[in-house]
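1. sharing a sequence plus its predicted fold:
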Amino acid sequence: MPSIIRDTSDRPHRRDFPQDPDFHASLRCFAASWTEEDLEAVRRFRRDLPDLQRFLGSPSLRVVYFPGRTPLTGHHGYGLRGYDFPSHFTKAGLCLNLTEARWIPRYIRENLKRIERRRVNALGELVIQSGASCSQRINLDICIRQLLAALDRASILPDLEPHSRHDRIVALAAAFKERRHRQKRRRAGIMEARRLPRD
């Protein structure tokens, strides 16, 4: 197995980070450099999310199996499209090539590199693995669900009502100013707490 593949099956996922103000501030900064045509492609992608089963095994979405948990008695390992794998290869993984996956808008592919950078290997592939079950099929389904969730997070667009570049810059500057004020209030609270007399 290539060393560039990292096991991310047990890494905790932050399901609440789209509600994080800093996330939205950085997202507005990221989206400001994209054209309205790129953003419209993302909106279409969110409306009509593709069926990942069509792309499994293609050059843009590889399926890999690794030795994992001891399989159930009588379990036989059959990989994608009937290819036979040893029965103890129960851990499944998906490798999404962020360069070859032209069926994903470029905005989403670049955003995946930004928000999922710990999962991107040296070949520019987004690697998702699961070894939670003794079944190859169940682990592959878990990987598909995790990839769909990652695509959903990467396709989130900021609340940019204005469409002109000037208005976007103004909105970004306001968000940056608000974030600075929030950080200053936090630091002031810490300094005030340090000045309080101790018993």
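-> Sure, I can see it.
2. kindly report the domain assignment for this structure.
-> According to automatic domain parsing, the chain is divided into the following domains: 34-160, 161-199.
3. now do the contacts for the residue positioned nearest the centre of the chain.
-> By CA atoms, centre = their mean, the chain has its centre lying nearest to Ala150, at 3.4 Å. Neighbour list for Ala150: Leu112, Glu116, Arg119, Leu126, Ile128 [criterion: CB atoms under 8 Å, 6 or more residues apart in numbering]. For the C-beta atoms, the positions are set from N, CA and C on the backbone; glycine is no exception.
4. at 10 Å what do you get?
-> Contacts for Ala150 were tallied using CB atoms under 10 Å, 6 or more residues apart in numbering; they are His13, Leu96, Ile108, Asn111, Leu112, Ile115, Glu116, Arg119, Leu126, Ile128.
5. wait, which of those is closest to Leu172?
-> Proximity to Leu172 was ranked across the contacts of Ala150 by CB to CB; first place goes to Asn111, at 16.4 Å.
6. report the contact partners of that closest one.
-> Contacts of Asn111 (CB under 10 Å, 6+ apart): 27, 30-31, 34, 42, 105, 150-151, 153-157.
7. try it again with 6 Å
-> Applying CB atoms under 6 Å, 6 or more residues apart in numbering, we find Asn111 in contact with Ala154.
8. for the helix or strand encompassing it, buried residues please.
-> Counting by DSSP states H and E, the secondary-structure element that holds Asn111 is helix 106-115. Neighbour counts using 16 or more other CB atoms under 10 Å place Tyr107, Ile108, Arg109, Asn111, Leu112, Ile115 of helix 106-115 among the buried residues.
9. make a markdown table from the residues you listed and add pLDDT and distance to Lys91 to it.
-> Written out in a markdown table, the entries for those read as follows (pLDDT from 0 to 100; distance: CB to CB, whole Å):
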| residue | pLDDT | distance to Lys91 |
| --- | --- | --- |
| Tyr107 | 95 | 31 |
| Ile108 | 95 | 27 |
| Arg109 | 95 | 26 |
| Asn111 | 94 | 27 |
| Leu112 | 95 | 22 |
| Ile115 | 91 | 24 |
